[in-house]
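> What follows is a predicted protein model with its sequence.
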Amino acid sequence: MQQPPSEGRPLAGACVMIARAENRADSLAAGLRDLGAEVILQPAIRILPPDDWRPADAALARLGEFDWVVFSSANGVRYLLDRCAEIGKRLSGKEIIDRAIPIRFNRVAAIGPGTAGELARHGFRADLIPEVFRAEALADALAKYGAAGRRFLLVRASRGREVLAERLVAAGAEVEQIVVYRSVDVDRPEPENARRLAAGEIDWITVTSSAIARSLVGLFGGDLRRAKLASISPITSGVLRELGFNPSVEALDYTLPGLTAAILTHR
């Protein structure tokens, strides 16, 4: 368990378990290590391609018909743009060029800075990022541009909330959704992580999505109460509470740096 921190390393002596997508590099781990924490990793979900690419491929063939393409995760950006490359399209700025014929889409929205950063790494710029990084705020921000009569393509996972689509439809928009990746639960914990959690040797567990919250409960059950849970957002916190687990802290800024700040503030 946590020991008194050394100067300049406020998390020295603390063990933090990061629950994350399998095989994903995580900047959260590096930041926590810099603050002195011992970091251990626990895969909680697997990110996989969709069972059927045909709906996404059909939408890609007519991107120019949509007023907005809306990304609600960095994974959505990666999988959609990787698919473009896989089927032989070349990306340029805000165009997808297929056989030298440019197919343009008008505007791109991202749910938060992480998603916008992933777009930027692929050469795209987000025209809209809401001030609060959640689906409700994204829907409200898009509606301010005038949703009625406009066409939106929502790029999403196989599971997740429907609030973004529902709010846009309620505002008069025409909405099409395409699944570009699947999120499935990991079925068993790392044995050493389970042992350490049961023994009370883990101080914090980071919970960075609703899907990860549900997976963690399936992996560890009541032993989750032996550590403090750090939630990235009110939505994630709500899922934890529904499952019977109260987070010790919740990020004010719904980002990985915000999650780290919440853990530091708790001290």
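Received it, and whenever you're ready, just let me know what you need.
> From here on, just use CA atoms for contacts and neighbour counts.
Noted.
> Let's test this: name the helix or strand in this structure with the lowest mean pLDDT.
Ranked by mean pLDDT, DSSP states H and E, the weakest helix or strand in the chain is strand 101-104, scoring a mean of 50.
> what helices or strands is the helix or strand hosting Pro43 leaning on?
Using DSSP states H and E, Pro43 sits in strand 38-48. Applying 3 or more CA pairs under 8 Å, 6 or more residues apart in numbering; DSSP states H and E, we find strand 38-48 packed against strand 15-21, helix 27-34, strand 174-185, helix 210-220.
> So for the helix or strand following it, what gets flagged as buried?
Using DSSP H and E, the helix or strand that follows strand 38-48 towards the C-terminus is helix 54-60. Buried residues in helix 54-60, counted by 16 or more other CA atoms under 10 Å: 56-57, 59-60.
> contacts for helix 54-60?
84, 178-180 (CA atoms under 8 Å, 6 or more residues apart in numbering).
> same check, this time on stretch 183-203
With CA under 8 Å, 6+ apart, stretch 183-203 has contacts from 1-2, 14-17, 40, 42-48, 157-159, 211-212, 215, 218-220, 223-224, 226-228.
> For that stretch, list every residue counted as buried.
Result for stretch 183-203 [16+ other CA under 10 Å]: buried residues 183-186, 189, 193-194, 197-198, 201-203.
> got those residues as JSON lines, with pLDDT and distance to Ala139 columns?
Formatted as JSON lines, those follow (pLDDT from 0 to 100; distance: CA to CA, whole Å):
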{"residue": "Ser183", "pLDDT": "90", "distance to Ala139": "23"}
{"residue": "Val184", "pLDDT": "93", "distance to Ala139": "26"}
{"residue": "Asp185", "pLDDT": "94", "distance to Ala139": "28"}
{"residue": "Val186", "pLDDT": "95", "distance to Ala139": "31"}
{"residue": "Pro189", "pLDDT": "97", "distance to Ala139": "36"}
{"residue": "Asn193", "pLDDT": "98", "distance to Ala139": "39"}
{"residue": "Ala194", "pLDDT": "98", "distance to Ala139": "39"}
{"residue": "Leu197", "pLDDT": "98", "distance to Ala139": "39"}
{"residue": "Ala198", "pLDDT": "98", "distance to Ala139": "41"}
{"residue": "Glu201", "pLDDT": "98", "distance to Ala139": "42"}
{"residue": "Ile202", "pLDDT": "98", "distance to Ala139": "38"}
{"residue": "Asp203", "pLDDT": "98", "distance to Ala139": "36"}
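> Among the residues you listed, which pair sits farthest apart?
Ser183 and Glu201 (29.0 Å; CA to CA).
> Please, where are all the helices along the protein?
Here the chain has its helices, by DSSP state H, at 27-34, 54-60, 74-86, 113-121, 135-144, 163-170, 191-198, 210-220, 234-242, 256-266.
> any idea which of the ones you listed is most buried?
The highest mean neighbour count among the helices of the chain, using mean count of other CA atoms under 10 Å, belongs to helix 210-220: a mean of 21.
> which strands and helices sit next to it?
strand 15-21, strand 38-48, strand 174-185, helix 234-242.
> For the longest one, list the C-alpha coordinates in PDB.
Coordinates of the C-alpha atoms in strand 174-185 are reproduced here as PDB (Å, rounded to 0.1, in the frame of the first residue of the first chain):
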ATOM      1  CA  GLU A 174     -30.800  12.600 -40.700                       C
ATOM      2  CA  VAL A 175     -28.400  10.200 -39.000                       C
ATOM      3  CA  GLU A 176     -26.600   7.200 -40.300                       C
ATOM      4  CA  GLN A 177     -24.400   5.100 -38.000                       C
ATOM      5  CA  ILE A 178     -21.600   2.700 -38.900                       C
ATOM      6  CA  VAL A 179     -19.800   0.300 -36.700                       C
ATOM      7  CA  VAL A 180     -16.100   0.300 -37.400                       C
ATOM      8  CA  TYR A 181     -14.900  -1.700 -34.400                       C
ATOM      9  CA  ARG A 182     -16.100  -4.200 -31.800                       C
ATOM     10  CA  SER A 183     -15.400  -4.000 -28.100                       C
ATOM     11  CA  VAL A 184     -15.500  -7.300 -26.300                       C
ATOM     12  CA  ASP A 185     -14.700  -8.100 -22.600                       C
END
